[in-house]
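*Asks:* predicted model, plus sequence, below.
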Amino acid sequence: QVLGRVVSENEAIVRTESSGEVIRLYKKLGDRVGAGELIAELENSLERAALLQAQGAYESAQAGASVSDLSLTRAEDALAEAYVSARATLGSTYATLDDAVRTKSDFVFSNPESPFPRLNLTLSNSQISTDLENTRPAIGARLSAMALRQANPSDTSLDALLTDALTDANTVRSYLDTLSAGLTSAIPNQSVSQDSIDAYRASTALARTSVVALVSSISSAKDSLAQKKNALAVAQSQASGNGSGAVTAADASVKQALGNLRAALTVALVLPLTVLSTFILMNLFGISANLMSLGGLAIAIGILVDA
């Protein structure tokens, strides 16, 4: 038996992919080390901070996705309400226009529903008289068409129905504007007194007010429907694209941070134990620490870190 100290003729520098400051040693030279025991710990606060940051981004992205889902639900509800409101406006369109024409202004004609209606009062402006008598049959035709559409709903889109209703309402408003202008030039006679003319003016003004309000309601319904559709499209885009994309990116960041932390832990825990075990086995089998053996150890350490 020979006692002495073994010194290698050659040395090899072993480098790892992850480096750091040793902040704590759990074993000293000569201690017996069992499998899985912690030998030393490297500084890994940066990796842990990156992990916490990535986890925070992940939770933030999840919260953003939840907000996007909530916004989508609200946009869908708002669009449904806009549809209900638009249908209600359409439902009142015919009644409002029919009342404005046939109830509140037809008294100026002796035969308003005939193909050739005649005014029962005299206007100083004969052109207005002609325009009113020529326009009234077209107004009646529009009202009849509206009644038919209301009685027999079609598959026409709500946007198209609102557009038609707005056209009808503006046509009736223009007709009432002409009638109001004509009544300001009405001349009393034996058949129509001044008091009657004043009553005609008041009734026509009331009819025109209701039609103007209807035009505003239809326009608002159209605009609201368009805005709610656009809002729903934006919410759908955010929910399906930005929300899930942010969560996916944050999830990837968490996984990357976990990988970095595991790499640091591998260097801090596994490598010291592996190197120590290797030297113990080399001593048991009588293998000298030379350039070849240390080179093989370096390669094995590199493979372990890469794994």
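*Replies:* Everything's here; your move.
*Asks:* CA atoms of stretch 117-135 as PDB?
*Replies:* What follows is stretch 117-135, C-alpha atoms only, in PDB (Å, rounded to 0.1, in the frame of the first residue of the first chain):
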ATOM      1  CA  PRO A 117    -108.000  64.800 -55.400                       C
ATOM      2  CA  ARG A 118    -109.100  68.500 -55.200                       C
ATOM      3  CA  LEU A 119    -108.400  71.100 -52.600                       C
ATOM      4  CA  ASN A 120    -111.600  72.400 -50.900                       C
ATOM      5  CA  LEU A 121    -110.000  75.800 -50.200                       C
ATOM      6  CA  THR A 122    -108.400  78.500 -52.300                       C
ATOM      7  CA  LEU A 123    -104.700  79.300 -52.200                       C
ATOM      8  CA  SER A 124    -103.200  82.500 -53.500                       C
ATOM      9  CA  ASN A 125    -100.300  80.400 -54.800                       C
ATOM     10  CA  SER A 126    -101.800  78.300 -57.500                       C
ATOM     11  CA  GLN A 127     -98.500  76.300 -58.000                       C
ATOM     12  CA  ILE A 128     -98.700  75.000 -54.500                       C
ATOM     13  CA  SER A 129    -102.300  73.900 -55.100                       C
ATOM     14  CA  THR A 130    -101.200  72.000 -58.200                       C
ATOM     15  CA  ASP A 131     -98.300  70.400 -56.300                       C
ATOM     16  CA  LEU A 132    -100.500  69.200 -53.500                       C
ATOM     17  CA  GLU A 133    -103.100  67.700 -55.800                       C
ATOM     18  CA  ASN A 134    -100.400  65.900 -57.800                       C
ATOM     19  CA  THR A 135     -98.500  64.700 -54.700                       C
END
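*Asks:* which residues touch that stretch?
*Replies:* For stretch 117-135, the external contacting residues (Cβ atoms under 8 Å, 6 or more residues apart in numbering) are 108-111, 116, 136-137, 175, 178-179, 181-182, 185-187, 189, 191-192, 197, 200. Backbone N, C-alpha and C define where each C-beta goes, glycine included.
*Asks:* so which bits of that stretch are buried?
*Replies:* 117, 119, 121, 123, 128-129, 131-132, 135 (16 or more other Cβ atoms under 10 Å).
*Asks:* for that stretch, what is the average pLDDT?
*Replies:* For stretch 117-135, mean pLDDT rounds to 93.
*Asks:* same deal with stretch 227-246?
*Replies:* So the average pLDDT for stretch 227-246 ends up being 73.
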